[in-house]
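Participant: next comes the sequence, and after it the predicted model I'd like to discuss.
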Amino acid sequence: MTLKPIKTKKDYSEALEHLESIFDARKGSKNGDKLEILSILIEKYENEHFLIGLPDPVEAIKFRMEQMGYDQTDLAEVVGLRSRASEILNRKRKLSLEMIRQLHDRMRIPTDVLIQSY
């Protein structure tokens with residue numbers, strides 16, 4: 001297969017098939033270089049054609065809390081009060097700009113996720 005831009009579903013299928021056939025190529029070898037370039041082309045096509053939306057802000061907070069081993073008390077330290085943390089997790093309170101900043105700074109949740117409406 002000659003490397004070329006992936007423009008159609010057929011090109012995409014062929015690229016995936018070829019990628020599978022050279023998947024175990026050694027880094028730095030001819031096929032290893034081809035594998036790297038092909039991966040970039042496939043990723044570009046997928047990013048343009050298979051869009052994945054941002055997660056819900058509350059679900060993102062819950063997920064990050066789980067990752068960090070946080071409970072509602074830990075979240076309260078980030079957003080101010082335990083009752084406020086409960087209201088956020090139960091969708092009874094919207095995030096303020098200051099809460100978004102704190103969640104981003106302290107829990108590393110991207111601001112573009114937190115500013116969405118829910």
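Facilitator: The structure has been received and is ready for your questions.
Participant: other SSEs contacting the longest helix that the chain contains?
Facilitator: In the chain, taking DSSP state H as the definition, the longest helix is helix 30-49. Under the contact definition 3 or more C-beta pairs under 8 Å, 6 or more residues apart in numbering; DSSP states H and E, helix 30-49 sits against helix 9-21. No exception for glycine: its C-beta is placed from N, CA and C like everyone else's.
Participant: so which bits of the helix it packs on are buried?
Facilitator: Within helix 9-21, the residues that count as buried by 16 or more other C-beta atoms under 10 Å are 12, 15, 18, 19.
Participant: from those residues, which is closest to residue 112?
Facilitator: Nearest to residue 112 among the buried residues of helix 9-21 is residue 12, at 27.5 Å by C-beta to C-beta.
Participant: so what's the closest one up against?
Facilitator: Shown in contact with residue 12 (C-beta atoms under 8 Å, 6 or more residues apart in numbering): 6, 42, 45, 49.
Participant: which of these are buried?
Facilitator: 6, 42, 45.
Participant: and the residue sitting nearest the centre point of the chain, how far is that from residue 15?
Facilitator: The centre of the chain sits closest to residue 54, judged by C-alpha atoms, centre = their mean, with a distance of 7.5 Å. Residue 54 sits 27 Å away from residue 15, taking C-beta to C-beta, to the nearest Å as the criterion.
Participant: and stretch 87-99, what's its mean pLDDT?
Facilitator: What stretch 87-99 shows for mean pLDDT is 97.
Participant: what comes up buried for that stretch?
Facilitator: Neighbour-count burial for stretch 87-99 [16+ other C-beta under 10 Å]: 88, 89, 95, 99.
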